[in-house]
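*Asks:* Prediction below, plus the sequence it came from.
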Amino acid sequence: MNIKKALTRLTVMLLVMVIYPVTALATGPRIKQDLFTPNANSIYALDFPPFITTELNDGGMAVELVNTALQIEKISASINILPLPRMMKYYVLQEKALALIGNHLSFTADQQKELIFIPLLRLKEHYYVYQPKHPEGLPWQGDLKALAKLVYGANPEEDVAAYQQAGIQVETGNTLTLMEKLKAEKIDFMGNSELAVNWFLDRNFSTDKAKFSKLEPGAGEETIFIIFNKNHPQGEALAKQFKQGLDAIIANGQYKALLEKHFGGSEAVNRYSLPLQ
Amino acid sequence: MDKRLWLFLMLFLTHSAVFGKETSTTVKPESVGLSSQRLQRIDQLIDQHIEEKKIAGAVVLVARKGKIAYFREAGLADTDKPMQKDTIFRVVSMTKPLTSVAIMLLYEQGKLLLSDPVSKYIPEFKDPKVLELQAQGSASEYKLVPAKREITIRDLLSHTSGLLYLFPNNYFHERERQLVVDFYKDAGITDGFCRPNETIGDMVKRLARLPLYKHPGEVWDYSLSSDVLGYLVEVVSGMPFDQFMQQRIFDPLKMRDSHFYIPKEKLGRLAAVWKSDWHGSLVRVGDEPMIDGDLALCPSDAEALSGKYLTGGGNVLSTVYDYYRFAQMLLNKGELDGTRLLSRKTVELMTATNHIGNFDATFLHDHGWKFGLGFAIQQDRSHDVDAGDPGVFEWAGIYSTRFSVDPKEDKITIFMSQTSPFNLHFNLWDKLLVLSGSAIND
């Protein structure tokens, strides 16, 4: 090797050492913003255990359904689970997020025009009472008027017009708060999916579990939607593609298999949910 | 059984009960360089506050050179029982230094680094967002921007995480703070002074997904950071937080009366909480929560014999003597009675190093105070709150409990009462530290 070549190589090596200091590499990566890799296709999901929750590795049934439909269509998107409806609204309305997953999300008529609602899961709902306050249950036979003057516990964004028209007072709170209010006898009844109520009964009310009574007949249904944002650059196109993916997993049996996995068998699927189509 | 055998057993058990327990014997103050006469001024200070019905009662301890030189109880623990040296107090935020030590035990085992992002252990903390106000007339009042970096364990220990407590919202009126506190309230986040019906993990995982008040490292704000640390202990150690504290701190330090939930047999030793206007109106607080704006206190929650909420920010019930043992361990650079809990280097890192840069730890203190890893540290003697020496480290609890450790003078001062609101007792505490310091006579 001649001297000129050797000098050139040495210069290049020195330049590399200056530009990429070895000390930074030797100590491993530190926490910097550029270590984050935010996905342009952000989807935000509203906490609703066991259907949407960080407590389960797969994020819960609704999240796994969405991920499966996304995968089949090869759509890259990140799903973040948030605790508050207003954070969801912030991200979709202000940050132009790709989509939301959740139930009980109310939007104005103008906002709805910018959104595409795709049902993911239809859940059967029941009313619940706290036995010490209502040992005989409630006179519920399907007509809300029979429950006039009682206090109903509603989710923060739930449409409560029917309750108010029936003369029922309404208090709001998340599921855990409503169950605590039920136990504290501050409300008379609340409605929710049996699985959602059981989740909190097991975790937070294990000693009082038997005192929470489910009323028959059922109280109707609750739909979990994925809501695409037309204001996202690819919102409409990805909504269409996602719907294809959802239809595909329904057709190939993956949808049913996922429901059976999460609900615990085909009988439980019928007990807790309604057919999507 | 033979009568002599019974007698022997009785004598043995009595001996164990008396001598098996750590003694809280006081020494003659002069033997540790303190003036008995001057220490008596503390009697007068506390008695005067009791006579004037500013407080119902208190227990005060001053120790120097590893010996207790002053240990006195005065007044009432409850309407029908006098204060005792072994009265049990809600030490609330004096739980935080205990939690910090728990984290440092794991740090010394190589289980975590202070520079680790919290999200490494609690994934919900990944990709935090910071609430920033928008210009007037913007579509949204605020914007949630990606944090410049993630929250580290050091941030939690030094309260530079960008997390908040709700109750300071009563005193600091800023729009960003209000908006973040509103998020907390909507998500059911509380300061934990009323014990909610959930696990600390449930709360922390919700909190992690809410906006931060400021970018991590760019603020010093007293917060729920220690509550997050308590859950972190559970995640890293694989043990419930209370069990970890029992096995790794309370048992080795022989803190026999420190608990997260009070044992039934000790319920009678729990002090009542008193509401004082500091002008002669002193009322024992009942079972109802005390709500003052964004401050919610539930003193009667401490009577629960069990529960699932284990918070690193404020759950512990303890005695003056137990807390003295903890403080003495720190003053001894990690060791007490032959048991080494932490290394000298770790205690120095916690108590002698400023971790908040140019910020001042003004909450409870003043300018001239910095923050270590769980304690405020006095930096100079040119400000209004003076604990006697630069290097003094201390913290307090919301029902008027405080401790102060002066490494230079080898001195510990502990005061415990159960009086609310806490912000009226600063005068008493400052005077007590003056009396404790001016009793030094060598």
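*Replies:* Now that the structure is in, tell me what you want to look at.

*Asks:* And the residue lying closest to B:Leu267 once chain neighbours are set aside, how far from chain A?
*Replies:* Ranked by C-beta to C-beta, 6 or more residues apart in numbering or on different chains and with sequence neighbours excluded, the top spatial neighbour of B:Leu267 is B:Glu303, at 6.5 Å. Where C-beta positions appear, they are placed from N, C-alpha and C, glycine not excepted. Applying C-beta to the nearest C-beta, to the nearest Å, the value for B:Glu303 to chain A is 18 Å.

*Asks:* Spell out which residues sit in contact with B:Glu303, please.
*Replies:* For B:Glu303, the contact set (C-beta atoms under 8 Å, 6 or more residues apart in numbering or on different chains) comprises B:262, B:267, B:270.

*Asks:* same for the helix or strand harbouring A:Glu64, what does it pack against?
*Replies:* According to DSSP states H and E, A:Glu64 maps onto helix A:61-72. Helix A:61-72 sits against strand A:42-46, strand A:78-82, strand A:99-102, strand A:115-130, helix A:235-251, helix A:254-263, with contacts defined as 3 or more C-beta pairs under 8 Å, 6 or more residues apart in numbering or on different chains; DSSP states H and E.

*Asks:* is chain B contacted by the fourth one?
*Replies:* The one in question is strand A:115-130. No. Strand A:115-130 lies apart from chain B when judged by C-beta under 8 Å from any C-beta of the partner chain; the minimum separation is 14.2 Å.

*Asks:* mind listing what's buried in that strand?
*Replies:* The neighbour-count check on strand A:115-130 (16 or more other C-beta atoms under 10 Å in any protein chain shown) flags A:115-116, A:118, A:120-121, A:123-130 as buried.

*Asks:* Show the buried residues in the contacts of B:Glu303.
*Replies:* Neighbour counting over those (16+ other C-beta under 10 Å) leaves B:262, B:270 as the buried ones.

*Asks:* would you turn the contacts of B:Glu303 into a markdown table with secondary structure?
*Replies:* Listed next are the contacts of B:Glu303 as a markdown table, based on DSSP: H, G, I helix; E, B strand; the rest coil:
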| residue | secondary structure |
| --- | --- |
| B:Ile262 | coil |
| B:Leu267 | helix |
| B:Leu270 | strand |
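
*Asks:* got TSV for the contacts of B:Glu303, with distance to B:Gly313 and pLDDT too?
*Replies:* Shown next, in TSV, are the contacts of B:Glu303 (distance: C-beta to C-beta, whole Å; pLDDT from 0 to 100):
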residue	distance to B:Gly313	pLDDT
B:Ile262	18	98
B:Leu267	23	97
B:Leu270	20	98
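
*Asks:* want to throw the contacts of B:Glu303 into TSV with distance to B:Pro196?
*Replies:* As requested, these are arranged in TSV below (distance: C-beta to C-beta, whole Å):
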residue	distance to B:Pro196
B:Ile262	18
B:Leu267	22
B:Leu270	21
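
*Asks:* of all the contacts of B:Glu303, which comes closest to chain A?
*Replies:* Using C-beta to the nearest C-beta, B:Ile262 comes nearest to chain A of the contacts of B:Glu303, at 19.0 Å.

*Asks:* and the gap between the closest one and B:Glu335?
*Replies:* 29 Å (C-beta to C-beta, to the nearest Å).

*Asks:* what's the closest of the buried residues of strand A:115-130 to B:Asp202?
*Replies:* B:Asp202 lies nearest to A:Tyr128 out of those, by C-beta to C-beta, at 20.4 Å.

*Asks:* Need the pLDDT of the closest one.
*Replies:* Note on A:Tyr128: pLDDT of 97.

*Asks:* Could you do the one 3 residues further on as well?
*Replies:* Per-residue confidence for A:Gln131 comes out at a pLDDT of 96.

*Asks:* got the end-to-end distance for stretch B:215-228?
*Replies:* End-to-end distance for stretch B:215-228: 17 Å, by C-alpha to C-alpha, to the nearest Å.

*Asks:* ok, and for that stretch, which residues are buried?
*Replies:* For stretch B:215-228, by 16+ other C-beta under 10 Å, it's B:215-217, B:219-228.

*Asks:* residues from the stretch 201-350 of chain B in reach of chain A?
*Replies:* Applying C-beta under 8 Å from any C-beta, we find that the stretch 201-350 of chain B lies next to chain A at B:202, B:205-206, B:209-211.

*Asks:* Can you flag the buried ones in those?
*Replies:* Neighbour counting over these (16+ other C-beta under 10 Å) leaves B:202, B:205-206, B:209-211 as the buried ones.

*Asks:* Give me the subset of those residues lying in helices.
*Replies:* Using DSSP state H, the members of those that fall within helices are B:202, B:205-206.

*Asks:* Relative to B:Leu164, which of the residues you listed is nearest.
*Replies:* Nearest to B:Leu164, judged by C-beta to C-beta, of those is B:Arg206 at 14.0 Å.

*Asks:* you'd agree the closest one is up against B:Ile189?
*Replies:* Yes. Using C-beta atoms under 8 Å, B:Arg206 makes contact with B:Ile189 at a distance of 6.4 Å.

*Asks:* Helix, strand or coil: sort out the nearest residue to A:Lys124 once chain neighbours are set aside for me.
*Replies:* Nearest non-adjacent residue to A:Lys124, counting by C-beta to C-beta, 6+ apart: A:Gly218, 5.3 Å away. A:Gly218 falls in the coil class when you classify it by three-state DSSP.

*Asks:* So A:Gly218 is in contact with A:Trp140, correct?
*Replies:* No. Here A:Gly218 does not reach A:Trp140: they are 10.0 Å apart, not a contact under C-beta under 8 Å.

*Asks:* quick one, which of those two is more surrounded?
*Replies:* Ranked by neighbour count (other C-beta atoms under 10 Å in any protein chain shown), A:Gly218 and A:Trp140 place A:Trp140 first, with 18 against 14.

*Asks:* Wait, that one touches A:His126, no?
*Replies:* No. Contact criterion C-beta under 8 Å: A:Trp140 and A:His126 do not qualify, at 9.7 Å.

*Asks:* For the stretch 251-400 of chain B, just list every one of the strands.
*Replies:* Secondary structure of the stretch 251-400 of chain B (DSSP state E, counting those that start in this stretch): strands at B:274-276, B:282-284, B:290-292, B:295-297, B:317-318, B:335-336, B:339-340, B:369-371, B:376-378, B:393-397.

*Asks:* now those in TSV, with mean neighbour count?
*Replies:* Formatted as TSV, those follow (neighbours: other C-beta atoms under 10 Å in any protein chain shown):
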stretch	mean neighbour count
strand B:274-276	21
strand B:282-284	15
strand B:290-292	13
strand B:295-297	20
strand B:317-318	24
strand B:335-336	19
strand B:339-340	12
strand B:369-371	25
strand B:376-378	25
strand B:393-397	24
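
*Asks:* Can I get those in CSV including distance to A:Leu274?
*Replies:* Putting these into CSV (distance: least, C-beta to C-beta, whole Å) gives the following:
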stretch, distance to A:Leu274
strand B:274-276, 54
strand B:282-284, 56
strand B:290-292, 43
strand B:295-297, 41
strand B:317-318, 51
strand B:335-336, 64
strand B:339-340, 63
strand B:369-371, 56
strand B:376-378, 58
strand B:393-397, 53
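
*Asks:* Mean pLDDT added to these, as TSV?
*Replies:* Output for the strands of the stretch 251-400 of chain B, formatted as TSV (pLDDT from 0 to 100):
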stretch	mean pLDDT
strand B:274-276	96
strand B:282-284	97
strand B:290-292	93
strand B:295-297	95
strand B:317-318	98
strand B:335-336	98
strand B:339-340	98
strand B:369-371	96
strand B:376-378	97
strand B:393-397	97
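
*Asks:* Tell me how many other residues crowd B:Gly357.
*Replies:* Neighbours around B:Gly357, by other C-beta under 10 Å: 12.
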